[in-house]
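Visitor: take a look and give me a structure for this.
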Amino acid sequence: MDDKDPGDVIATDSVEKDDRKNLIVRKVWKLNIKDILTWELVKTVAMSQCLASLICGTAVTSQYLASDYHVDTPMLQSFMSYALLCLTYTTALLFRTGDGNIFQILKKRWWKYFLLGLVDVEANYTVVKAYQYTTLTSIQLLDCFVIPVVMILSWWFLKTCYRPIHYISVFICLLGVGAMVGADLLAGRDQGSTSDILLGDGLVLLSASLYAVSNVCQEYTVKHLSRVEFLGMIGLFGTLISGIQLGIVEHRNMANIQWDWRIALLFAAYGLCMYTLYSCMPIVVKKTSATAVNLSLLTADLFSLFCGLFLFHYTFSGLYIVSLVVILIGFIAFNTVATTSKPANPSGREENVHDNPDDTISKQEVVVTVQEEVKNEHTEGEGPGLTWRDRTKNEEIPAEGRSTKM
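Guide: Numbering: from 1, shown residues only. Down below sits the predicted model:
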């Protein structure tokens, strides 16, 4: 074997690097805005911002209930939305046949949906409870913890592969959140209690982790089972769990509500917004991913702030516009490149990471060529026991029965 001159190797490597750089430059130069802003991406952005507007609706109605009517019943509001899901989607499962019937689902995996319902209910409850102990700024910042947790869980359980553009996009979105928090501080909107900041921050982190688990489970269910099954089971177990918790922790607050048509209307608006949010989110999750949906929901606080400018007389800051634009840029960049799943190894054996696929293909082609040449050198009368050895599989194959398929 001839020895290669190290200088030639270095020169070859530099040429290959230059070729790669030139290829990247040509791709960037030829990049067309139409290749990025496709119709599917526009629909995804529009749908995700509709979800953010629904969250804004729940925030505004909750703010009115708390500030104008002194109603503090977050579990009652959650119970209403779960009850609506149960009435529609759980009832739909009752009329299904086969494996999609509710009794078959409960027989196979009732305990999984019970845990998922518990996680979802407590995620909603703990984030509302955190407002009693910490500030709005801390909640807005720490609530972003859901995004890295979702990415880790998706990578671990769903085998999702992220590319560098996805990490850069997440960083851009978090910069937008930082701009929003800065605008809040400049406008003097650092609201909330400071009675026990450490406990409140811990509740926010717990809520973000629970939301991440719920969203990843939702992504798996809607992509591998069905949207109706997920919503029906969440509605069933969410209603049971939130109903029990409602009777334990909020029965006094419910008794103190001074009901009138305005309070009833606010409760109805909250319930419809949350019901629509739960119904539509699986559609967007199925089209994108749980991570992308959580990135899009970062704009919900900004929508609430814009509504607060007119409804609650908040102070406007130009950083709110900057924050909205930055978050949308990060979200669009995240969705321009689709995430992929790690392919499963059907043989169940680990692949040798040191093997070069090109070398393997070359070995197979050489072996097949040698086999064909040996076959051509022999006539039909030279014995039926003639065999060829396939070095890629380390086995002998009879001449008459050897297949020519790769």
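
Visitor: poorly predicted segments of the stretch 301-406 of the chain, please.
Guide: 312, 341-406 (pLDDT under 70).

Visitor: and the chain, what are its domains?
Guide: For the chain, the structural domains run 34-341, 357-398, going by automatic domain parsing.

Visitor: winner for burial among those domains?
Guide: domain 34-341 (a mean of 18; mean count of other C-beta atoms under 10 Å). The way it works is simple: take the backbone N, C-alpha and C, and place the C-beta from them, glycine included.

Visitor: just confirm Y133 is within a strand.
Guide: No: Y133 is assigned coil when assessed by DSSP: H, G, I helix; E, B strand; the rest coil, not a strand.

Visitor: that older thread, which of the domains of the chain has the lowest average pLDDT?
Guide: For these, mean pLDDT drops lowest on domain 357-398, to a mean of 46.

Visitor: quick check: phi and psi at C161.
Guide: When read as degrees, to the nearest 10, the backbone of C161 gives phi -100, psi 120.

Visitor: which residue is nearest the middle of this structure?
Guide: Geometric centre of the chain, nearest residue: A290, 1.3 Å, by C-alpha atoms, centre = their mean.

Visitor: was I right about it contacting Q218?
Guide: Yes: counting by C-beta atoms under 8 Å, A290 touches Q218, with 6.7 Å between them.

Visitor: hang on, the earlier thing: could you find the closest non-adjacent residue to the residue nearest to the centre of the chain?
Guide: N215 (3.9 Å; C-beta to C-beta, 6 or more residues apart in numbering).

Visitor: over to S48?
Guide: Among residues not flanking S48 along the chain, S296 sits closest, at 3.3 Å (C-beta to C-beta, 6+ apart).

Visitor: can you show me the strands along this structure?
Guide: 160-161, 340-341, 387-390, 395-398 (DSSP state E).

Visitor: the first one pairs with which strands, parallel or anti?
Guide: This points to strand 160-161. Applying DSSP bridges, strand 160-161 is found paired with strand 340-341 (antiparallel).

Visitor: can you give me the distance of the residue nearest to S48 to N101?
Guide: Using C-beta to C-beta, to the nearest Å, we find S296 at a distance of 34 Å from N101.

Visitor: let me see the contact set for the residue nearest to the centre of the chain.
Guide: For A290, the contact set (C-beta atoms under 8 Å, 6 or more residues apart in numbering) comprises V150, S154, A212, N215, V216, Q218, E219.

Visitor: quick one: the helices in the stretch 151-300 of the chain?
Guide: Assigned by DSSP state H, counting those that start in this stretch, the helices in the stretch 151-300 of the chain fall at 164-187, 197-224, 227-249, 251-255, 261-287, 290-296, 300-311.

Visitor: and the second one with helix 227-249, angle?
Guide: Same thing as helix 197-224. 150 degrees (axes from the mean of the first three to the mean of the last three C-alpha atoms, to 10 degrees).

Visitor: so what does helix 197-224 touch, helix or strand wise?
Guide: helix 102-130, helix 136-142, helix 146-157, helix 227-249, helix 261-287, helix 290-296 (3 or more C-beta pairs under 8 Å, 6 or more residues apart in numbering; DSSP states H and E).

Visitor: other SSEs contacting the longest one?
Guide: Spelled out, that is helix 102-130. Secondary-structure packing of helix 102-130 (3+ C-beta pairs under 8 Å, 6+ apart): helix 74-85, helix 91-94, helix 197-224, helix 227-249.

Visitor: nearest residue to C280 in space, please, no chain neighbours.
Guide: L51 is the one closest to C280 (C-beta to C-beta, 6+ apart), at 6.3 Å.

Visitor: so the one you found touches L297, yeah?
Guide: Yes: assessed by C-beta under 8 Å, L51 is found in contact with L297 at 6.4 Å.

Visitor: quick one, phi psi at D68?
Guide: Residue torsions, per degrees, to the nearest 10, at D68 are phi -90, psi -30.

Visitor: measure the residue lying closest to R262 once chain neighbours are set aside to L309 for me?
Guide: Closest residue in space to R262, ignoring its immediate chain neighbours: Y69 at 7.4 Å, by C-beta to C-beta, 6+ apart. Y69 sits 22 Å away from L309, going by C-beta to C-beta.

Visitor: what's in contact with stretch 321-341?
Guide: Stretch 321-341 has contacts (C-beta under 8 Å, 6+ apart) with 36-37, 41, 44-45, 48, 154, 158-163, 165-166, 168-173, 175-177, 179-180, 183, 288-289, 291-292, 295-296, 298-299, 302.

Visitor: now that stretch: how far from the chain's centre is it?
Guide: 13 Å (C-alpha atoms, centre = their mean, to the nearest Å).

Visitor: need the nearest residue in space to R96, chain neighbours excluded.
Guide: Using C-beta to C-beta, 6+ apart, the nearest residue to R96 is I102, at 7.2 Å.

Visitor: F230 now?
Guide: T221 (4.2 Å).

Visitor: wait, the residue nearest to S48 sits on L51?
Guide: Yes: using C-beta under 8 Å, S296 is in contact with L51, at 6.6 Å.

Visitor: where do the contact lists of the two overlap?
Guide: Residues touching both S296 and L51 (C-beta under 8 Å, 6+ apart) are V284.

Visitor: re earlier: distance to I197 for the helices and strands packed on helix 197-224 - can I get that in a markdown table?
Guide: Shown next, in a markdown table, are the helices and strands packed on helix 197-224 (distance: least, C-beta to C-beta, whole Å):
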| stretch | distance to I197 |
| --- | --- |
| helix 102-130 | 10 |
| helix 136-142 | 7 |
| helix 146-157 | 20 |
| helix 227-249 | 22 |
| helix 261-287 | 28 |
| helix 290-296 | 24 |
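
Visitor: re the thing from before, residues touching the residue nearest to S48, list them.
Guide: Taking C-beta under 8 Å, 6+ apart, we find S296 in contact with V45, S48, Q49, L51, A52, V284, F331.

Visitor: thanks a lot, see you next time.
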